[in-house]
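A.B. asks: okay, sequence plus prediction incoming.
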Amino acid sequence: MKRLLAVAVVLFGLGGCAATGISNKYAQDQKRKLMLAQILLEDNKVAVAQDLLTSISNEPGVLGVTDEALFRLALINLEAGDQKIATARSGRNLDKLIKHYPTSSWKNHAVTLKGLLDTYDGIVDEKAELEKTARSLKSSNLSLTKELKDLRQDMEKLKNLELELEMKKKR
């Protein structure tokens, strides 16, 4: 925690420093937010980092900052809750990165991850469809088993009736 606080103070203290190579104050602020989010992630403060990354991604973009924030946010979203919802949220972040930052160094990673998420979602959909089909087949199987049992009973009755008829004919 002391490390986090010390780094945050240094980052915000260097706000006016031109050594970062970023020309305007807004871009510097965004870069500092991203660095703070990275530190928070390293310290396993995922919720706070997620809020910070969301803030960065919802504000006007800065190449090299917003694109990285979107990618990291996509990764964070994959770890949470219902996988179908998580992959959809991650997919939106990746789509935004791919669309708005075509020259980003994160684009190739985003395209690859998006492809994997789409494949995963397709498999999840297929699994759900197969489970539905399996339930339907089980129901059909139970129905056919009952019909087979009824047919066997009817055949047994017919057999008994035939035996009775033969006995009556012999008398």
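C.D. replies: Yep, it's here.
A.B. asks: got any ranges where this protein has weak pLDDT?
C.D. replies: 1-23, 79-86 (pLDDT under 70).
A.B. asks: helices of that one, residue ranges please.
C.D. replies: Listed in chain order, the helices of the chain (DSSP state H) span 2-13, 25-42, 46-58, 66-78, 83-100, 107-170.
A.B. asks: mean neighbour count added to the ones you listed, as a markdown table?
C.D. replies: Every C-beta, even on glycine, is put in place using the N, C-alpha and C of the backbone. Formatted as a markdown table, the helices of the chain follow (neighbours: other CB atoms under 10 Å):
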| stretch | mean neighbour count |
| --- | --- |
| helix 2-13 | 12 |
| helix 25-42 | 18 |
| helix 46-58 | 17 |
| helix 66-78 | 23 |
| helix 83-100 | 18 |
| helix 107-170 | 11 |
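A.B. asks: state the distance from residue 69 to residue 159.
C.D. replies: 79 Å (CB to CB, to the nearest Å).
A.B. asks: no wait, residue 25
C.D. replies: 96 Å.
A.B. asks: over to residue 165?
C.D. replies: Taken as CB to CB, the span from residue 165 to residue 159 is 11 Å.
A.B. asks: for the spatially most central residue of the chain, which non-adjacent residue is spatially closest?
C.D. replies: The centre of the chain sits closest to residue 87, judged by CA atoms, centre = their mean, with a distance of 2.4 Å. Leaving aside its chain neighbours, residue 87 sits nearest to residue 117 (4.7 Å; criterion: CB to CB, 6 or more residues apart in numbering).
A.B. asks: and the one you found, what does it touch?
C.D. replies: 78, 87, 90, 91, 94 (CB atoms under 8 Å, 6 or more residues apart in numbering).
A.B. asks: ok, those residues vs residue 126, which is closest?
C.D. replies: residue 87 (14.4 Å; CB to CB).
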